[in-house]
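Asks: this is the structure alone, sequence omitted:
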């Protein structure tokens with residue numbers, strides 16, 4: 001069974017990696033902890049990330065719409081996906 005402490009450890013590690021990329025990341029340690037991530041230059045671009053066990057027992061980061069982001073064992077890929085979703089687009093859209 002998933003434990004709250006394990007979730008917090010994984011979320012804290014992800015938060016640290018995101019902060020190195022100039023994103024804000026705060027672990028919200030409620031009953032079901034999550035990570036609040038925001039683009040530091042455009043704080044309205046933000047999202048909640050959860051950490052849960054998949055059916056096979058592996059730990060996975062999840063978007064709030066129940067889509068997996070990636071394994072806790074591949075934080076670099078997870079950070080890439082999160083930063084891509086929360087990136088600012090300067091100069092408008094074509």
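Replies: Sure thing, it's come through. All figures in this text were calculated on a predicted structure; none of them were measured in a lab.
Asks: and the next helix or strand past the longest helix along the chain?
Replies: Counting by DSSP state H, the longest helix found in the chain is helix 4-19. Using DSSP states H and E, the helix or strand that directly follows helix 4-19 along the chain is strand 23-28.
Asks: pLDDT score for residue 90?
Replies: You'll see residue 90 listed with a pLDDT of 64.
Asks: find the centremost residue of the chain, please.
Replies: The centroid of the chain falls nearest to residue 49 when counting by Cα atoms, centre = their mean (4.1 Å).
Asks: wait, that residue touches residue 81, no?
Replies: No. The pair residue 49 / residue 81 is not scored as a contact, 10.0 Å apart, by Cβ atoms under 8 Å. No exception for glycine: its C-beta is placed from N, CA and C like everyone else's.
Asks: any residues in contact with both of those two?
Replies: Contact criterion Cβ atoms under 8 Å, 6 or more residues apart in numbering; residues shared by residue 49 and residue 81: residue 69.
Asks: where does this protein have low pLDDT?
Replies: 1-2, 90-94 (pLDDT under 70).
Asks: please, which helix or strand holds residue 32?
Replies: Applying DSSP H and E as the criterion places residue 32 outside every helix and strand.
Asks: so what's it up against?
Replies: residue 50.
Asks: could you measure from it over to residue 43?
Replies: For residue 32, the distance to residue 43 equals 23 Å [Cβ to Cβ, to the nearest Å].
Asks: report the beta-bridge partner residues of residue 51.
Replies: Beta-bridge pairing for residue 51 (DSSP bridges): residue 61.
Asks: ok, it touching residue 58?
Replies: No. Look at residue 51 against residue 58 with Cβ under 8 Å: they stay out of range, at 11.1 Å.
Asks: more crowded one of the two?
Replies: Per other Cβ atoms under 10 Å, whichever of residue 51 and residue 58 has more neighbours is residue 51, with 26 against 10.
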